[in-house]
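Participant: 3D model of this:
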Amino acid sequence: PTENSTAPAGDTATGSGVEDGVLTVGMECAYAPYNWTQMDDSNGAVPIKNVPGAYANGYDVMIAQKICDENGWELEVVSTAWDSLTPSLQSGTIDVAIAGQSMTADRMAEVDMAGPYYYAQIVCLTTKDSPYATATGINDLAGGKCTAQTGTIWYDTCLPQIPDAQILTASETAPAMIMQLQTGTVDFVCTDLPTATAAAAKDHSLVVLNFSGTDGDFQFATEEERAENVNIGMSVVKGNSELLDAMNAVLAEMTEEDFNTMMDQAIAVQPEV
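Facilitator: All right, here's what the predicted structure looks like:
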C-alpha cells in the first residue's frame, strides 16, 4: 500500500490486529500442557479455526481467554506448526503466537514479545527402568542417547552440555519427542517442567529429572541468559506495541503463583491420549 510507504520501519499500518474485536492466536495445538487438541468444548476449549470439528485447550488457551475477557475480545485459535509461528505473524495470518516459546534474544530479534507469562524450569525426562533414572546432575547423563524438540534452547544449548551425549536428530513436535523416549529410541529427552510433568502424568513409566538450583544443572553464561531461556513469552509482529501493551497489562496483574496454579489446572484437565 503506497499510502503507507512513508511509515517508519517496523510500524504496522494495520494496527493491533484486533480492530475486529477478535484476537487470532497461533499455537501448535499439540504441545501439552501448553496447548493440545481435543474433540469437544469441555473445560473451556475453543474451536480451532482451520481444523473443523477440533478444539484447542491448555495453558495457552486459558491465558489467551483471560486476556480476551479483560479486553472484551473474542478468542480465535489457529493451529500453526512450530516453525511457522513467526512467518504466520509476519503474514498477518495470526495476531499473536501464544505457544510456549522461550524469550530468547534470537527470537526477539525477529518479533516483539509480551511476558513472561510462565517461568519454565529446564528438566530431563527418562524412564523409571533406565540407568539414568537416578541421575542427580547432567554429568550422570554422560554418553546417553537423547533428543529434544527442534528450534528449542533444549536442543541447541542444553543437550550439548551433557558429556559425550549421543544427540539424535531433533523431534518435530513435543509428542514425537516423548514417543522417541517411550519407544526406547533415546535414553532421555530435554524439555521444560510443564511438558515433562504432563507427560509423566499420562505415562507412569516416565520420571522427571529436575536439577534446577543444583551444581548439576544446565549452565548459562549469565543469569540474563538463563532468564531468557526459562521465561516464556507471547510473540507479536515487530512494532505492534498496542497489542503488546494490552497483553502485558493483563500479565502484570498476575503472579508467578497465579501462573503455576493455572498450569496445574491445565495438566489436570489434559485428555488421555
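Participant: Would you map the helices across the stretch 101-250 of the chain?
Facilitator: Along the stretch 101-250 of the chain, the stretches classed as helices by DSSP state H, counting those that start in this stretch are 105-110, 153, 174-182, 193-202, 223-230, 241-252.
Participant: other SSEs contacting whichever strand or helix holds Phe259?
Facilitator: Phe259 belongs to helix 256-269 when assigned by DSSP states H and E. Where contact means 3 or more C-beta pairs under 8 Å, 6 or more residues apart in numbering; DSSP states H and E, helix 256-269 is packed against helix 59-71, strand 112-119, helix 193-202. Backbone N, C-alpha and C define where each C-beta goes, glycine included.
Participant: Give me the below-cutoff pLDDT ranges for the stretch 1-150 of the chain.
Facilitator: Within the stretch 1-150 of the chain, the ranges that satisfy pLDDT under 70 run 1-14.
Participant: Now for Ala142, how many residues are close by?
Facilitator: 12 (other C-beta atoms under 10 Å).
Participant: distance of the closest residue in space to it that isn't next to it in sequence from Asn139?
Facilitator: With sequence-adjacent residues excluded and distances taken as C-beta to C-beta, 6 or more residues apart in numbering, Ala142 is closest to Pro163, at 4.1 Å. Going from Pro163 to Asn139 by C-beta to C-beta, to the nearest Å gives 6 Å.
Participant: same thing with Gly72?
Facilitator: Taken as C-beta to C-beta, the span from Gly72 to Asn139 is 52 Å.
Participant: Mind checking which of these two has more residues around it?
Facilitator: Asn139 (13 against 8).
Participant: Would you mind confirming that the more buried one makes contact with Gln161?
Facilitator: No. Asn139 is beyond contact range of Gln161, at 9.6 Å (criterion: C-beta atoms under 8 Å).
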